[in-house]
Each structure stands twice: as C-alpha cells, then as structure tokens.
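Q: Sequence and predicted structure below; questions after.
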Amino acid sequence: GENVEQHPSTLSVQEGDSAVIKCTYSDSASNYFPWYKQELGKRPQLIIDIRSNVGEKKDQRIAVTLNKTAKHFSLHITETQPEDSAVYFCAASMRGSYIPTFGRGTSLIVHP
Amino acid sequence: NAGVTQTPKFQVLKTGQSMTLQCAQDMNHEYMSWYRQDPGMGLRLIHYSVGAGITDQGEVPNGYNVSRSTTEDFPLRLLSAAPSQTSVYFCASSQSGGGTDTQYFGPGTRLTVL
C-alpha cells in the first residue's frame, strides 16, 4: 500500500518567515495530494490540494508544489503569522482508493 | 448542514467497560471512516465504510467494531476498553471520490480509559 513520510515533525519559525513542510510518497499511481490543518483542540480541515496534472498551486500565502518524478510534494507558507500555528498533515491517494494515506503531521509554531 | 457530528465530546471509562462513539453526517456521503490520533502518531485509520452495509478494517482495528446500517450513521464500538485506547477519535466522511475527495472531519471525541 501507499506510504507517506512527512518532515519535519516540528518546525519553529519567527513571524514573517517562510515555512516549508515536505512529504514523500511511495506509490507512483497516487494522483491526489491534499494538505490539512489542525488547530489546537480542533478538527483537521482541508486547506489546499493538488492533483498530479499540475506542478504548483497557490492560494494567497499558501502554495503546494508537486514533483511526480521524485515522488514528493511540499507545502509552502509565506509571511507566517501566529494564527498559522497548528499541526499540518499531508496525504496521498489514487483513483479508486477509498481513503487517503496521511503523513504523521508537522507541528508548526510561529513565534510573534 | 451540520456536517459531521460526534458524541460524546469527552468520555472517561474504566478498563473493561464498553461504549459506543457516535458519528453522523448529513451530507449524503458514501465514505465514512474512523481515526485515532495519538501524540506523534498522526491519524491512524481504525475502520472505514464505502456505503451502507459495507465496512472494512484499517491500520489499527483490534478492539474496535463498526457497523453501517444507514448512510448517515457510523458508530464505533469499544468492546472492552483498555488504557491503550486512550486517544482522541475522529470520524470523517467524503463523497463518491473516496480517497480523492475532501475528507470532512467531525469535532472529535477525547476518550480516557483508566
């Protein structure tokens, strides 16, 4: 089955800096790569996703890049703010799969 | 729409007790799943369902049972609670795309087993 590795497990940045979280996947058939944000005590919620027919997708301060050849994808957050502090999960899945495979999460801490 | 709802929000059990965690969704989603979240372990899949009457095991199914008699409801049963089942439990649902559709999570149930 699919295996998703996520790094780092913890990331600490100063407000205004950029943050990058990286994930690798094992199954070349995977074609959907979502990112979920989980604020403290809350549920995970989708913040951005990318499908394998594109290499990059942006939404304001958040962007995701995909390298299919290397089988890795990354979440980029620019101009970080304290409210970006949360746990971020990457995931991978393919057409026909019932459930995505999640990474173990990255705890992002943005210091004011 | 209420989305995905879970009850209770908090629960304390003694070892050996049984209980059912409730999950319901009002979005007519085909796929539903249960995860447990432990520090440093991410979201681990317990059981999932691809429709009413169809369930299957995930990564960590031992000690848990599920059934899906309706599209809306997907309860998780702990048969004989153990301290190792202390965790936060999330239910999720998605549309017909399954893994390639957005997962909508419930608010979670924090379970402590003494």
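A: Everything's here; your move.

Q: got the residues of chain A near chain B?
A: A:6, A:9, A:31-32, A:34, A:36, A:42-46, A:49, A:89, A:91, A:93-100, A:102-105 (CB under 8 Å from any CB of the partner chain). Every C-beta, even on glycine, is put in place using the N, C-alpha and C of the backbone.

Q: Can you select the buried ones from those residues in PyMOL?
A: Applying 16 or more other CB atoms under 10 Å in any protein chain shown to the residues of chain A next to chain B leaves a buried subset, and the PyMOL line that selects it is:
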select buried, chain A and resi 6+31+32+34+36+43+44+46+49+89+91+93+94+97+98+99+100+102+103+104+105
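
Q: where do the strands sit along the chain?
A: Because you didn't say which chain, this covers chain A. A:4-7, A:10-14, A:19-25, A:32-38, A:45-51, A:56-59, A:62-67, A:72-77, A:86-92, A:101-102, A:106-111 (DSSP state E).

Q: switch to chain B, that's the one I care about
A: Going by DSSP E, chain B shows strands at B:4-7, B:10-13, B:19-25, B:31-38, B:42-51, B:54-57, B:64-66, B:76-78, B:87-94, B:104-105, B:109-113.

Q: Could you dump the strands of chain A into TSV and include distance to residue B:109 and mean pLDDT?
A: Listed next are the strands of chain A as TSV, based on distance: least, CB to CB, whole Å; pLDDT from 0 to 100:
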stretch	distance to residue B:109	mean pLDDT
strand A:4-7	25	97
strand A:10-14	26	98
strand A:19-25	27	98
strand A:32-38	15	97
strand A:45-51	17	95
strand A:56-59	31	95
strand A:62-67	29	97
strand A:72-77	28	97
strand A:86-92	18	97
strand A:101-102	19	94
strand A:106-111	22	98
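
Q: Same list, these, but as TSV with distance to residue B:62 please.
A: Output for the strands of chain A, formatted as TSV (distance: least, CB to CB, whole Å):
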stretch	distance to residue B:62
strand A:4-7	23
strand A:10-14	30
strand A:19-25	26
strand A:32-38	25
strand A:45-51	29
strand A:56-59	38
strand A:62-67	35
strand A:72-77	32
strand A:86-92	24
strand A:101-102	20
strand A:106-111	28
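
Q: burial measure for residue B:54, as a count.
A: 11 (other CB atoms under 10 Å in any protein chain shown).

Q: Quick one: residues contacting it.
A: residue B:68 (CB atoms under 8 Å, 6 or more residues apart in numbering or on different chains).
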